[in-house]
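Student: Give the three-dimensional model of this entry:
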Amino acid sequence: MSPRRWAAGALLVLALTGCAGVRGPDGTAARRAGHGPARGPDTDLPPVVDHVPTRDRVVFLTYDDGAEREPRFVALVRERRLPVGMFLTDSVIGPAYGRLARLRSVGAGLQNHTLDHSSLRGLPYAGQRAEICGQQNKLRARFGVSPRLLRPPYGTYDTTTLRAAADCGIDAVVLWRAALNGDGGLTYTRGEHRLRPGDIVAVDPDGTTGPSLRERTARLLREIENRGLRVARLDDYL
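Tutor: Model prediction:
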């Protein structure tokens, strides 16, 4: 099956409180994509995913704002040509767009994390659309790309988020099943406490007292390889 086909029917209903891509959400209300209720009347809304159903032995590494600040991490991405996904907030990342261009040139994908990192859930449609479409426009103007994936700040969203995302050209809203924390440990929102094919992993870029981002990423890569998995580009599967 083509990795894109599953998305047409997948919807993950997920209530999260942690920051997207940072210190693991509790995930107590999470359901696996495709195992929750149908989308109902809003059939054109993008799916919300933390895992990609696939037979390929792949996982997906995603980073929020801040990863590009560590030169050794950038060098690791370049050396390994890692197809990581970078979810970007304009107000945070603006001064670092030059470094992001270098990451993009060696395989990193640039995706949407809104303009100002405001919590979207509960905002009116106009406000949510401005946050999402505004960042689409910024990234298009800067890099000539229109992201297809959105990670809502703090992992929180509502139906209005999905409608605004769809209207801004977003194909999927991306959360995570596993998170690599600042101490180098993996936490899981649900299911088995081990990496599985199709898992989306969020990496906390802000560890200040533990191993560096490069060291934590290198350790994670060893675990991925020990499990017979490899890193793939998320937008190739969504």
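Student: for the closest residue to K138 other than its chain neighbours, what are its contacts?
Tutor: In this structure, K138 finds its nearest non-sequential neighbour in D90, 4.8 Å apart by CB to CB, 6 or more residues apart in numbering. The way it works is simple: take the backbone N, C-alpha and C, and place the C-beta from them, glycine included. Taking CB atoms under 8 Å, 6 or more residues apart in numbering as the criterion, D90 is in contact with T114, L115, D116, G134, Q135, K138.
Student: Run a quick neighbour tally on R72.
Tutor: Counted with other CB atoms under 10 Å, residues neighbouring R72 total 12.
Student: no no, G191
Tutor: When counting by other CB under 10 Å, one arrives at 15 neighbours for G191.
Student: What spatial separation is found between it and P197?
Tutor: Distance of G191 to P197, given as CB to CB, to the nearest Å: 12 Å.
Student: can you put the contacts of D90 in TSV and add distance to E225, secondary structure and pLDDT?
Tutor: Formatted as TSV, these follow (distance: CB to CB, whole Å; DSSP: H, G, I helix; E, B strand; the rest coil; pLDDT from 0 to 100):
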residue	distance to E225	secondary structure	pLDDT
T114	33	coil	96
L115	37	coil	94
D116	38	coil	93
G134	39	helix	96
Q135	34	helix	95
K138	36	helix	91
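Student: among those, which ones are buried?
Tutor: T114, L115, G134, Q135, K138 (16 or more other CB atoms under 10 Å).
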